[in-house]
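# everything below, folded, please.
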Amino acid sequence: MSYNVLGGALQTAPVKLTNSNPTVVLAADRAGTTVLSIVCTETGGSTPNLTIAKTDGTTTIYYRNAKAMTAKETVVFETIIVLKNTWSLQITSSNPAGQVDVDVTYLAPDRTAQGGQFMPLGQR
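Predicted coordinates:
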């Protein structure tokens, strides 16, 4: 299967989970964000449950809900997720110390495609 997605530059958001609380790994800005892939690797030799979800603070949509990982397992999640304004991507490990490395690849919004004024990164 292939996708043709127009947008801005590819970006990554690397995060180390350090507790068992839901961790926002990516938040959409006013133009929205398109998540292309999520890679999660268990780093401590335990078997935590992994949850991948998007939320706007009121509604939560689950893509993977408390599914067990094996020790040192890498989960590659390649379902396109669109985060509209006010939505964020959350990852949760059930391990009290987190012990999961997360790397999200996403398209940075292209302001010209949104009808707004283009601004270089760092000048938003």
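# pretty sure Gly32 contacts Thr86?
No - using C-beta atoms under 8 Å, Gly32 is not in contact with Thr86; the gap is 9.7 Å. The way it works is simple: take the backbone N, C-alpha and C, and place the C-beta from them, glycine included.
# which other helices and strands does the helix or strand where Val82 lies contact?
According to DSSP states H and E, Val82 maps onto strand 81-83. When contacts are defined as 3 or more C-beta pairs under 8 Å, 6 or more residues apart in numbering; DSSP states H and E, strand 81-83 sits against strand 33-42.
# name every strand pairing with the strand it packs on and say which way it goes.
strand 74-77 (antiparallel), strand 81-83 (antiparallel), strand 100-107 (antiparallel) (DSSP bridges).
# please identify the most buried of the ones you listed.
Of all these, strand 100-107 carries the top mean neighbour count, a mean of 20, counting by mean count of other C-beta atoms under 10 Å.
# give me the contact list for that one.
Residues from elsewhere that reach strand 100-107 (C-beta atoms under 8 Å, 6 or more residues apart in numbering): 5, 7-17, 23, 25-26, 33-43, 48, 50, 69, 89, 91, 93.
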